[in-house]
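Give me coordinates for this.
(2 chains)
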Amino acid sequence: MTENKKKILEMLADKKISIDDAYRLLSVIDTEGGGQESIPKVEPGTKTRPKYLRVSIAPDPERENTENVDRVNVRVPMSLIRAGIKLTALIPPEALDKVNGALKEKGINFDVRSVKSEDIEELIEALGELEVDVISGRGEKVKVYVE
Amino acid sequence: MNRPPLLMRVKIKNERNDFGLWLPLFLLIPLALVVLIILSPLILISLLVLWPFGWGRLVVLAPWAAIVSFCAMRGLKVDVHNPRESVYISVV
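Here you go, the predicted structure:
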């Protein structure tokens, strides 16, 4: 078992990532033959504060010049994500009840009022260790990571 | 709270247009303050009207949330391009 696989299983055991995320990351490692390059090595005990969420979509190099395909590079500051999540505090209680009701209708038994700012911070901190690397059937490389 | 962004770079290139803009966001801050002062009586009235319905908090916090979100935009970068057109937005 490689270091990266162990790290993913540890993150899953610590409930830092979901089962789906773990499965996706393990699949990426398997397709890349070990994935030593896909996840940067993190020294134990050191935590880097994530600054930006990066989303990049790179088209297949063979198709890039022949077809009208988009290359996307987006950098979103984590502070903007934090501010966006904190905007939920502005939602009046009546509206929150409606949101809870709508979620329940969809089979999601979750109370949005139970989300606290500490939980959001923890979630954003945990994002720092996540990297998603997907190659689509059309050869597009989609990367979502935090730096 | 972060420092507010100073400039926004917008660059759009397609078959019809090809232009780049440097938008001085720092000029928006005094302008927003003036607008806030002008609208303050209206905000106060809406606060008094909406408070019994539980929406008063929204009126108080919304301008603050807008300022925080604006300041948090510093560092945002969107770059989408293909051989025919490109859009580039950067907040610095």
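
can you tell me how far the residue lying farthest from the centre of chain B sits from residue A:74?
Going by Cα atoms, centre = their mean, the residue of chain B most distant from its centre is residue B:83, 30.3 Å out. Plainly put, residue B:83 is 19 Å away from residue A:74 if you go by Cβ to Cβ, to the nearest Å. (Glycine included, C-beta is placed from N, CA and C.)

Distance check, the residue farthest from the centre of chain B against residue A:90.
Per Cβ to Cβ, residue B:83 is found 43 Å from residue A:90.

Any idea how many residues pack against residue A:6?
Look at residue A:6: counted by other Cβ atoms under 10 Å in any protein chain shown, it has 10 neighbours.

That one and residue A:22, how far apart?
In this view, residue A:6 and residue A:22 are 12 Å apart by Cβ to Cβ.

repeat for residue B:65
Taking Cβ to Cβ, one finds residue B:65 at 35 Å from residue A:22.

so the nearest residue to residue A:146 once chain neighbours are set aside is in which element?
Excluding its sequence neighbours, the residue lying closest to residue A:146 (Cβ to Cβ, 6 or more residues apart in numbering or on different chains) is residue A:50, at 4.2 Å. Using DSSP states H and E, residue A:50 sits within no helix or strand.

for residue A:142, same thing?
Residue A:142 belongs to strand A:141-146 when assigned by DSSP H and E.

neighbours of residue 87, just the number please.
Went with chain A since none was named. Residue A:87 has 15 nearby residues by other Cβ under 10 Å.

wrong chain, I was asking about chain B
For residue B:87, the number of neighbouring residues by other Cβ under 10 Å comes to 15.

For it, give me its contacts.
B:11, B:12, B:13, B:78, B:79, B:80, B:81 (Cβ atoms under 8 Å, 6 or more residues apart in numbering or on different chains).
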